[in-house]
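One predicted model, sequence on top.
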There are 2 protein chains.
Amino acid sequence: MAKVVVLRWGHRPLRDARLTTHVVLTARALGASGVILSDVKDGKLKETVEKVTKNWGGQFFFEMGTPWRKAVKEWKAKGGMVVHLTAYGENIQTGDVLQRIEASENDILVVVGSQKVPRQFFSKSVSDFNVAVGNQPHSECASLAIFLDRFFEGKELTKNFENAKMRIIPQKRGKKTIKK
Amino acid sequence: MAKVVVLRWGHRPLRDARLTTHVVLTARALGASGVILSDVKDGKLKETVEKVTKNWGGQFFFEMGTPWRKAVKEWKAKGGMVVHLTAYGENIQTGDVLQRIEASENDILVVVGSQKVPRQFFSKSVSDFNVAVGNQPHSECASLAIFLDRFFEGKELTKNFENAKMRIIPQKRGKKTIKK
């Protein structure tokens, strides 16, 4: 199975604090290998993510401050491809874009923006595919979740996170957690 | 097809402003009929949502300030059922909870929290089902998106939003919008 890494662009530490946290935790819970927070550093966010990974287990990296051009260039140099999630792209439901992505079998850098993204994100030099999880305005967190869920065909939700200190035992009612 | 309405609990206008906006826009874009922002009012949020609906079309209601107990009680009185999304619930991937929900054919109130939710949300008096979109901590925005995508089997992403002033024409590259 191809590896997926998420590049989060346009994070504004004050304004986007909670939203980017949700994007990163979504990436982790839905099967991505890690997140690159491009162009900015946010120590508090890094701390939150590392605490979650320490408690809830699994391998997950969080890198920050890398300029997006550099991250994209390095990814492509390693043979990876870039999927830009945008409401303007090919509709994941009505077209065959997901099938074409899957057919390539390359590792994927999923780029999600926050504010209005640079025009270049749409160009061949950056994105191999521009994918819309519906062509309505909504949320990069939601788009990322659905993209990963469809790409991994739901299997990410059954994943075992090794070395977890805490684990939830699913139940019809109430909360049950095991601590090691 | 059953109708889905989302109840957003625990919104804190300052802290959750952007996140709740994303939750509401996700609900709209992914096929829900409306959102009830329970217990609090947030005029700015209402304005944002109404502006999106006015520009991008479709029928979508946004109600705020209703106490959650009242909203749940009224929903149940009309024969609707309540699905509480929580990391502690039955895993949507490993169990048959989605099939059981679909089999009932009732309208659904999907409850999503922000902060730690009241214990009662897990009890029979409130939730008919407690559903986990994976048993890892992540995001109510992501959980809602995946729940709706799976419930509507992707069809929500092809939905036509009537009376839209703006519409995106999906493209492989670039941005194309039609304005009426």
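Thanks, I have the structure now.

Show me where chain A has its strands.
Secondary structure of chain A (DSSP state E): strands at A:4-8, A:34-37, A:61-64, A:81-91, A:108-112, A:129-132, A:166-168, A:177-179.

a markdown table for the ones you listed, including mean neighbour count, distance to chain B and mean pLDDT?
All C-beta spots, glycine's among them, are computed from the backbone N, C-alpha and C. Formatted as a markdown table, the strands of chain A follow (neighbours: other Cβ atoms under 10 Å in any protein chain shown; distance: least, Cβ to the nearest Cβ, whole Å; pLDDT from 0 to 100):
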| stretch | mean neighbour count | distance to chain B | mean pLDDT |
| --- | --- | --- | --- |
| strand A:4-8 | 24 | 12 | 98 |
| strand A:34-37 | 23 | 12 | 98 |
| strand A:61-64 | 17 | 14 | 98 |
| strand A:81-91 | 22 | 4 | 98 |
| strand A:108-112 | 25 | 12 | 98 |
| strand A:129-132 | 24 | 6 | 98 |
| strand A:166-168 | 18 | 4 | 97 |
| strand A:177-179 | 10 | 8 | 95 |
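
can you redo these as TSV with distance to B:Val52?
Putting the strands of chain A into TSV (distance: least, Cβ to Cβ, whole Å) gives the following:
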stretch	distance to B:Val52
strand A:4-8	23
strand A:34-37	27
strand A:61-64	31
strand A:81-91	12
strand A:108-112	19
strand A:129-132	16
strand A:166-168	34
strand A:177-179	38
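
Find the nearest non-adjacent residue to A:Arg15, please.
Sequence neighbours aside, B:Arg18 is the residue nearest to A:Arg15 in space, at 7.0 Å (criterion: Cβ to Cβ, 6 or more residues apart in numbering or on different chains).

residues in contact with that neighbour?
Taking Cβ atoms under 8 Å, 6 or more residues apart in numbering or on different chains, we find B:Arg18 in contact with A:Arg15, A:Asp16, A:Arg18, A:Leu19.

repeat for A:His11
Counting by Cβ under 8 Å, 6+ apart, A:His11 touches A:Thr20, A:Leu37, A:Ser38, A:Asp39, A:Val40, A:Asp42, A:Leu45, A:Ser114.

Find the nearest non-adjacent residue to it, please.
Using Cβ to Cβ, 6+ apart and skipping the chain neighbours, the partner closest in space to A:His11 is A:Thr20 (4.9 Å).

repeat for A:Gly134
B:Leu157 (4.1 Å).

now swap in A:Tyr88 and tell me
Nearest to A:Tyr88 is B:Lys175, by Cβ to Cβ, 6+ apart, at 4.4 Å.

contacting residues around the residue nearest to A:Ala2 when sequence neighbours are not counted?
Leaving aside its sequence neighbours, A:Ala2 sits nearest to A:Asp107 (Cβ to Cβ, 6+ apart; 5.2 Å). Counting by Cβ under 8 Å, 6+ apart, A:Asp107 touches A:Ala2, A:Lys3, A:Val4, A:Val5, A:Trp75, A:Lys78, A:Gly79, A:Gly80, A:Met81.

how about 7 Å then?
A:Ala2, A:Lys3, A:Gly80 (Cβ atoms under 7 Å, 6 or more residues apart in numbering or on different chains).

my guess is the last one meets A:Glu105, correct?
No - taking Cβ atoms under 7 Å as the definition, A:Gly80 is not a contact partner of A:Glu105, at 11.1 Å.

neighbour-wise, which of these two wins?
A:Gly80 (18 against 10; other Cβ atoms under 10 Å in any protein chain shown).

Counting neighbours, what do you get for A:Lys124?
Look at A:Lys124: counted by other Cβ under 10 Å, it has 9 neighbours.

Quote the end-to-end distance of stretch A:69-88.
21 Å (Cα to Cα, to the nearest Å).

Tell me how far that stretch lies from the chain's centre.
Put simply, stretch A:69-88 sits 12 Å off its chain's centre (Cα atoms, centre = their mean, to the nearest Å).

With stretch A:132-145 instead?
12 Å.

Just the CA trace of that stretch, in CSV.
Coordinates of each C-alpha in stretch A:132-145 appear next as CSV, following Å, rounded to 0.1, in the frame of the first residue of the first chain:
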residue,chain,number,x,y,z
ALA,A,132,-12.4,17.9,-4.9
VAL,A,133,-14.3,16.1,-2.1
GLY,A,134,-17.4,17.7,-3.6
ASN,A,135,-17.4,21.1,-5.3
GLN,A,136,-18.9,23.0,-2.4
PRO,A,137,-17.0,25.0,0.1
HIS,A,138,-16.6,23.1,3.4
SER,A,139,-13.5,22.0,5.4
GLU,A,140,-10.0,20.8,4.7
CYS,A,141,-10.4,18.6,7.7
ALA,A,142,-13.5,16.9,6.3
SER,A,143,-12.0,16.6,2.8
LEU,A,144,-8.9,15.0,4.2
ALA,A,145,-10.9,12.6,6.3
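
Go through that stretch and flag the buried ones.
For stretch A:132-145, burial by neighbour count (16 or more other Cβ atoms under 10 Å in any protein chain shown) applies to A:132-136, A:138-145.

From those residues, pick the one nearest B:Leu25.
A:His138 (4.3 Å; Cβ to Cβ).

what about the nearest residue to the closest one once chain neighbours are set aside, neighbour count?
In this structure, A:His138 finds its nearest non-sequential neighbour in B:Ala29, 3.9 Å apart by Cβ to Cβ, 6+ apart. By other Cβ under 10 Å, the residues close to B:Ala29 number 28.

Surely B:Ala29 is in contact with A:Asn135?
No - applying Cβ under 7 Å as the test, B:Ala29 and A:Asn135 come out as separate, 8.9 Å apart.

Thanks again, I'm all set now.
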